[in-house]
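**Q** What would the 3D arrangement of this be:
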Amino acid sequence: PGGSPPDSPAAVKRLLDATYCEADDRRKLHLETALQRRLLGGWNQLASAARGLGAPPLLQPSFAARSDEWLAEADAEAPPFL
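**A** Purely as a prediction, here's the structure:
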């Protein structure tokens, strides 16, 4: 197994795009919380944890494909705070 979890970079990009010029810290934290809730506890988070904890490569699960919710179309349709 190799690479990085495919959903994490997409979530970071969405957070950066949505908050780059945002002055409201509450809104930024709300968005970050919502994105983290989507990521935590999923298959890719489990795969990352196994790798980070030093599981042997044979026991490391592969990352799942990026979820459709992270596609550019989903970004365009996402509410302004998500």
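
**Q** buried stuff in the lengthiest helix in the chain?
**A** When the chain is parsed with DSSP state H, its longest helix is helix 25-39. Of the residues in helix 25-39, those buried by neighbour count under the rule 16 or more other CB atoms under 10 Å are 31, 35, 39. C-betas here are computed from N, CA, C, even on glycine.

**Q** gap between the closest residue to residue 18 other than its chain neighbours and residue 70?
**A** Spatial nearest neighbour of residue 18, excluding adjacent residues (CB to CB, 6 or more residues apart in numbering): residue 31 at 5.7 Å. Per CB to CB, to the nearest Å, residue 31 is found 14 Å from residue 70.

**Q** Residue 56 too?
**A** Taking CB to CB, one finds residue 56 at 29 Å from residue 70.

**Q** residue ranges with poor pLDDT in this structure?
**A** Along the chain, the parts satisfying pLDDT under 70 run over 1-5, 72-82.

**Q** need the helices for it, in chain order.
**A** Residue ranges of the helices in the chain, as given by DSSP H, are 7-19, 25-39, 43-52, 72-77.

**Q** send the alpha carbons of stretch 12-30 over as CSV?
**A** Extracted in CSV, the C-alpha atoms of stretch 12-30 (Å, rounded to 0.1, in the frame of the first residue of the first chain):
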residue,chain,number,x,y,z
VAL,A,12,-8.0,20.6,3.0
LYS,A,13,-8.5,22.2,-0.4
ARG,A,14,-12.2,22.8,0.3
LEU,A,15,-11.4,24.3,3.7
LEU,A,16,-8.7,26.6,2.1
ASP,A,17,-10.9,27.6,-0.8
ALA,A,18,-13.8,28.4,1.5
THR,A,19,-11.9,30.4,4.1
TYR,A,20,-8.9,32.0,2.4
CYS,A,21,-10.3,35.5,2.6
GLU,A,22,-12.8,34.8,5.4
ALA,A,23,-12.4,37.0,8.4
ASP,A,24,-15.0,35.2,10.6
ASP,A,25,-13.1,32.7,12.8
ARG,A,26,-16.3,31.1,14.0
ARG,A,27,-17.3,30.3,10.4
LYS,A,28,-13.8,28.8,9.7
LEU,A,29,-14.0,26.6,12.8
HIS,A,30,-17.5,25.5,11.9
